[in-house]
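Participant: Got a sequence here, can you build the structure:
(one chain, ligands or ions: 1)
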Amino acid sequence: MNILVYQMDVIPGDPQANREKVGKWLEEQELHDVDLIMLPEMWTTAYTLPELDDIAEEPADSETVRFLKESAERYHVHIMGGSIAVKRDGKVFNRALVINNAGELVYHYDKMHLVPMLNEPAYLSGGEESVRVFELDGVKMGVVICYDLRFPEIIRSLALQGCKLLFIPAEWPDSRRAHWDVLSAARAVENQMYVVTCNRPGEYDGITFAGSSAFIDPWGNVLQKGSVEHEETLRQELELSNVAEVRENVPVFDSRVPSLYD
Ligand SMILES: O=C(O)CCC(=O)C(=O)O
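Facilitator: So this is what the prediction gives:
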């Protein structure tokens, strides 16, 4: 599977400008052999938390969902659409979107863990549904968002549902980059799955973000890593059959004793 990660610097508070930016980026890419493209967390707005109540999109009438569906169909590419702010029943959620290459929304997930360090609970509501795997080209995959990376139990839940490839869109700050690097590799090793991350670089509201988007294989090898500071595009081919090989060599899923800890 060929994946293109857009480690995008986000324009704060301007969904239209960010859609145009992604549209232009798509036009510039060589996409004929690409299976999936990935965007970062909150790529339409950045973390403009006090403004989200006004600029979050209604899920049923979302310009961004329409844009992603049209792009997926036009370029015949799956889109792991990072996440965007959506508003439902007066509450704002941070929602990940997955669109297949026929332009259909196949999965969404509302980030369940809110970040105290960013005062998120004052502006966002946590998702109320657990994570589920989704399938693209017959492969089971999952997505969690940024801070969720700190909660191994939800990622293990995806692994037990058969997830082979986990996506983590993020706006992770540079001040905690050491955690980002270690935890994303740890999730790949402990769950024996590919982990693909897309974290924005740049700055907003006094926070510098860490970039460092990465492709990590099920053995924990970092196949490729983005820069800390700059916007960039990362392209990587993943050999998904490696998941079965690693799980056979180190059969942790067979060794589990859930009766003692579930
Ligand atoms: O967990 C962290 O250190 C960063 C989390 C975060 O920035 C986010 O979830 O947006």
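Participant: For this structure, what lies in contact range of the ligand?
Facilitator: Contact residues (Cβ under 6 Å from any ligand atom) of the chain with the ligand: 115, 118, 146-147, 150, 171-173, 176, 179. C-beta coordinates here come from the backbone N, C-alpha and C atoms, glycine included.
Participant: ok, 5 Å please
Facilitator: Residues of the chain lying close to the ligand by Cβ under 5 Å from any ligand atom are 115, 146-147, 171-172, 176.
Participant: Would you state the strands of the stretch 101-250 of the chain in chain order?
Facilitator: Assigned by DSSP state E, counting those that start in this stretch, the stretch 101-250 of the chain shows strands spanning 105-110, 134-136, 139-143, 165-170, 194-199, 203-204, 207-208, 214-216, 222-225, 232-237.
Participant: any chance of those strands in CSV, with mean neighbour count and mean pLDDT too?
Facilitator: Formatted as CSV, the strands of the stretch 101-250 of the chain follow (neighbours: other Cβ atoms under 10 Å; pLDDT from 0 to 100):
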stretch, mean neighbour count, mean pLDDT
strand 105-110, 19, 98
strand 134-136, 17, 98
strand 139-143, 24, 98
strand 165-170, 26, 98
strand 194-199, 27, 98
strand 203-204, 16, 96
strand 207-208, 16, 97
strand 214-216, 24, 98
strand 222-225, 15, 98
strand 232-237, 16, 98
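Participant: just to revisit the earlier point, among the residues of the chain next to the ligand, which pair sits farthest apart?
Facilitator: Glu171 and Arg176 (11.7 Å; Cβ to Cβ).
Participant: still on that earlier bit, can you redo the strands of the stretch 101-250 of the chain as JSON lines with distance to Val98?
Facilitator: Output for the strands of the stretch 101-250 of the chain, formatted as JSON lines (distance: least, Cβ to Cβ, whole Å):
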{"stretch": "strand 105-110", "distance to Val98": "4"}
{"stretch": "strand 134-136", "distance to Val98": "6"}
{"stretch": "strand 139-143", "distance to Val98": "7"}
{"stretch": "strand 165-170", "distance to Val98": "8"}
{"stretch": "strand 194-199", "distance to Val98": "13"}
{"stretch": "strand 203-204", "distance to Val98": "25"}
{"stretch": "strand 207-208", "distance to Val98": "27"}
{"stretch": "strand 214-216", "distance to Val98": "18"}
{"stretch": "strand 222-225", "distance to Val98": "22"}
{"stretch": "strand 232-237", "distance to Val98": "19"}
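Participant: quick one: stretch 248-260 to chain centroid distance?
Facilitator: Computed by Cα atoms, centre = their mean, to the nearest Å, the chain-centroid distance of stretch 248-260 equals 27 Å.
Participant: Kind regards, and thank you for your time.
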